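> got a predicted model here, sequence first, then my questions.
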Amino acid sequence: MGLRRSCRRFRKLRLSSPERGLRVGEQTFCAEHVHDCTGCRRYDSELSAAREALRSSSVNHHGPAEFANRVVRAISRDRIRRQFEVWRPTLIGAVTAAIAVGAVLQVLTPDPEYDARSPEGTAALPAPSETLIFDFDLPRTPELEPDSTDG
């Protein structure tokens, strides 16, 4: 058999009363209901005993001061790491774009040393009619020398 509607309301109000407090009408309802209902009276006493046991068993332990500092640093590092993970693709894209722009500017920018070599902006290359002279000797090999007997 299920609980009556008033019993469900009483239990709901008693469970939520420590967090939010009860209004005057709710307090009156709970006082009247617990007076009339033996099941809810037993529930109320068990609930009060359980709350008191929890309060008495709680320990106020204060750890070393450095523990709190380590926790705060770990949380800060974790937050920074998560932010970096979010921005990592953007940073990679920005670095790639910067490298591409630098490469394009390198190709399109004229070289000042190249321009200083000749007045027209071209390097001073030898004219095609000029003969280039190589100043080294090649060893003679018998296979490459002309045959004097062929006459």
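Ah, there it is. Numbers count the residues shown, from 1 in each chain.

> run a quick neighbour tally on Gly63.
A total of 9 residues lie near Gly63 under the criterion other CB atoms under 10 Å. (Each C-beta comes from the backbone N, C-alpha and C, glycine too.)

> would you map the helices across the protein?
Chain-ordered helices for the chain, with DSSP state H as the definition, fall at 5-20, 24-36, 38-57, 65-108, 112-116.

> could the ones you listed be laid out in CSV, adding mean neighbour count and mean pLDDT?
Written out in CSV, the entries for the helices of the chain read as follows (neighbours: other CB atoms under 10 Å; pLDDT from 0 to 100):
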stretch, mean neighbour count, mean pLDDT
helix 5-20, 13, 84
helix 24-36, 13, 89
helix 38-57, 12, 89
helix 65-108, 10, 88
helix 112-116, 10, 60
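
> check Pro142 and give its pLDDT.
Predicted confidence (pLDDT) for Pro142: 61.

> over to Ala124?
Per-residue confidence for Ala124 comes out at a pLDDT of 55.

> surely Pro18 touches Arg51?
Yes. Between Pro18 and Arg51 there is a contact at 7.3 Å, judged by CB atoms under 8 Å.

> what sits in contact with each of the two?
Between them, Pro18 and Arg51 share no contacting residue under CB atoms under 8 Å, 6 or more residues apart in numbering.

> please tell me how far Ala31 sits from Tyr43.
15 Å (CB to CB, to the nearest Å).

> what does Gly93 give?
The span separating Gly93 from Tyr43 equals 62 Å under the rule CB to CB.

> also Val104?
79 Å.

> same deal with Arg55?
The span separating Arg55 from Tyr43 equals 19 Å under the rule CB to CB.

> ditto for Val95
66 Å.

> cool, and Leu3?
Plainly put, Leu3 is 10 Å away from Tyr43 if you go by CB to CB.

> for Leu3, which non-adjacent residue is spatially closest?
Excluding the flanking residues, the one nearest Leu3 by CB to CB, 6 or more residues apart in numbering is Arg11, at 7.5 Å.
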